[in-house]
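Novice: sequence and computational prediction follow.
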Amino acid sequence: MYISKIFIYNNIIIMKDIVVGMGEALWDVLPDGKKIGGAPANFAYHVSQFGLDSCVVSAVGGDTLGKEIIDNLTSKGVNHHIAEVPYPTGTVQVEIDQAGIPQYEIKENVAWDNIPYTASLKALAENTRAVCFGSLAQRNIVSRETIHSFLDAMPKNDENLVVFDVNLRQGFYSKEILCASMKRCNILKINDEELVAVSRMFGYPGIDLQDKCWILLGKYNLKMLILTCGINGSYVFTPGHVSYQPTPKVEVADTVGAGDSFTAAFIASILKGKSVAEAHTLAVQTSAFVCTKNGAMPILPAELTE
């Protein structure tokens, strides 16, 4: 069963140039209650706030939590292509430390581990302009193969953006998953802690962070590499150039979803024809705003989205 606001007729999608967030859709169970989460849903929601057609691709169970995810996305005006599968809807227990940094306990063998690849999903891929995916949703072979099939079905041209937002969580990744994902993407997003872990895994631990980024940019023939370093700012590497932006000082409520909003603002700006520097500036401002709010999906102010 598919629940979707995108009109599909004979496996032909009417909407074009869609921006897709693909992978986990779940409930973040926070100290003050549950909030819809998962990087793909966060990403697609924020992309839609910048006026682009976006879509969440995931799976939920035939349970109350799954229905609530569908209802929540619908209420936020987010398009979704979500399978109903015979597994429980995903949940994550989130504890926020004193600095506002989330710690995650992610339930296993849930619906988003089992996203099926279907004719309608292939049709969506063929009409996708940009996609963002991560490592977490690839921990199970079913969703991993679906993600790979989706990426392989996308139009092959220089304009399309394939974003691998590494998003390392607990032990749910391997060198093979990371390597295959970096080969398929043309934009890599990674934070400083993830870069250290990936560099150790790939065998170049002894050089500084920027050198590691230049190596990855060249090795995987990337258009861009985005490195976020928390309070120490962020970088966007492109062949022969690097953009740096300091992190604005704000009063942090929590950082849940801040990285996803950064990616969404950056990709939306690039798709609208903005320069890397302009896109980077907006991404930093958007992420800082999200940090001042509880949860991953606050409504962005007009000065950011217009």
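Specialist: Yes, it's here. Keep in mind it's a predicted model, so treat the numbers as computed, not measured. Numbers count the residues shown, from 1 in each chain.
Novice: low-confidence regions, the stretch 1-150 of the chain specifically.
Specialist: 1-15 (pLDDT under 70).
Novice: tell me how far stretch 277-296 lies from the chain's centre.
Specialist: 14 Å (Cα atoms, centre = their mean, to the nearest Å).
Novice: any buried residues in that stretch, and which?
Specialist: For stretch 277-296, a neighbour-count test (16 or more other Cβ atoms under 10 Å) marks 279-291, 293, 295-296 as buried. C-beta coordinates here come from the backbone N, C-alpha and C atoms, glycine included.
Novice: then stretch 31-45?
Specialist: Using 16+ other Cβ under 10 Å as the test for burial, stretch 31-45 gives Lys34, Lys35, Ile36, Gly37, Gly38, Ala39, Pro40, Ala41, Asn42, Phe43, Ala44, Tyr45.
Novice: same question for stretch 249-258.
Specialist: Result for stretch 249-258 [16+ other Cβ under 10 Å]: buried residues Val252, Asp254, Thr255, Val256, Gly257, Ala258.
Novice: for stretch 197-216, same thing?
Specialist: Going by 16+ other Cβ under 10 Å, stretch 197-216 has these buried residues: Ala197, Val198, Ser199, Phe202, Lys212, Cys213, Leu216.
Novice: can I get that stretch as PDB, trimmed to CA atoms?
Specialist: The C-alpha trace of stretch 197-216 is given here as PDB (Å, rounded to 0.1, in the frame of the first residue of the first chain):
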ATOM      1  CA  ALA A 197      35.900   8.100  11.900                       C
ATOM      2  CA  VAL A 198      35.800   7.700   8.100                       C
ATOM      3  CA  SER A 199      39.400   8.700   7.700                       C
ATOM      4  CA  ARG A 200      40.500   6.100  10.300                       C
ATOM      5  CA  MET A 201      38.400   3.500   8.500                       C
ATOM      6  CA  PHE A 202      39.800   4.400   5.100                       C
ATOM      7  CA  GLY A 203      43.400   4.600   6.300                       C
ATOM      8  CA  TYR A 204      44.400   8.300   6.300                       C
ATOM      9  CA  PRO A 205      44.300   9.400   9.900                       C
ATOM     10  CA  GLY A 206      47.400  11.500  10.200                       C
ATOM     11  CA  ILE A 207      46.600  14.600   8.200                       C
ATOM     12  CA  ASP A 208      44.500  17.600   9.100                       C
ATOM     13  CA  LEU A 209      40.700  17.800   8.400                       C
ATOM     14  CA  GLN A 210      41.000  20.000   5.300                       C
ATOM     15  CA  ASP A 211      43.500  17.700   3.700                       C
ATOM     16  CA  LYS A 212      41.200  14.800   4.300                       C
ATOM     17  CA  CYS A 213      38.400  16.700   2.600                       C
ATOM     18  CA  TRP A 214      40.500  17.400  -0.500                       C
ATOM     19  CA  ILE A 215      41.400  13.700  -0.700                       C
ATOM     20  CA  LEU A 216      37.800  12.600  -0.600                       C
END
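Novice: from the chain's centroid, how far away is that stretch?
Specialist: Put simply, stretch 197-216 sits 22 Å off its chain's centre (Cα atoms, centre = their mean).
Novice: swap in stretch 246-253?
Specialist: For stretch 246-253, the distance to the chain centre is 21 Å (Cα atoms, centre = their mean).
Novice: again with stretch 51-58
Specialist: Between the centre of stretch 51-58 and the centre of its chain there are 11 Å (Cα atoms, centre = their mean).
Novice: with just CA atoms, put that stretch into CSV.
Specialist: Extracted as CSV, the C-alpha positions of stretch 51-58 are listed here (Å, rounded to 0.1, in the frame of the first residue of the first chain):
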residue,chain,number,x,y,z
GLY,A,51,9.4,26.7,-2.3
LEU,A,52,10.6,23.5,-4.1
ASP,A,53,8.7,20.3,-4.7
SER,A,54,10.0,17.7,-2.3
CYS,A,55,9.1,14.2,-1.3
VAL,A,56,9.9,11.8,1.6
VAL,A,57,10.5,8.2,0.6
SER,A,58,10.3,5.7,3.4
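Novice: list the contacts of that stretch.
Specialist: 6, 15, 17-25, 38, 40-41, 43-45, 47-48, 73, 78-83, 111-112, 115, 121, 124, 137, 150, 268, 271-272, 305 (Cβ atoms under 8 Å, 6 or more residues apart in numbering).
Novice: now do the helices in the stretch 151-300 of the chain.
Specialist: For the stretch 151-300 of the chain, the helices defined by DSSP state H, counting those that start in this stretch occupy 175-184, 192-202, 209-219, 258-271, 276-291.
Novice: report the distance from the shortest one to the chain centre.
Specialist: Same thing as helix 175-184. Worked out by Cα atoms, centre = their mean, helix 175-184 lies 16 Å from the chain centre.
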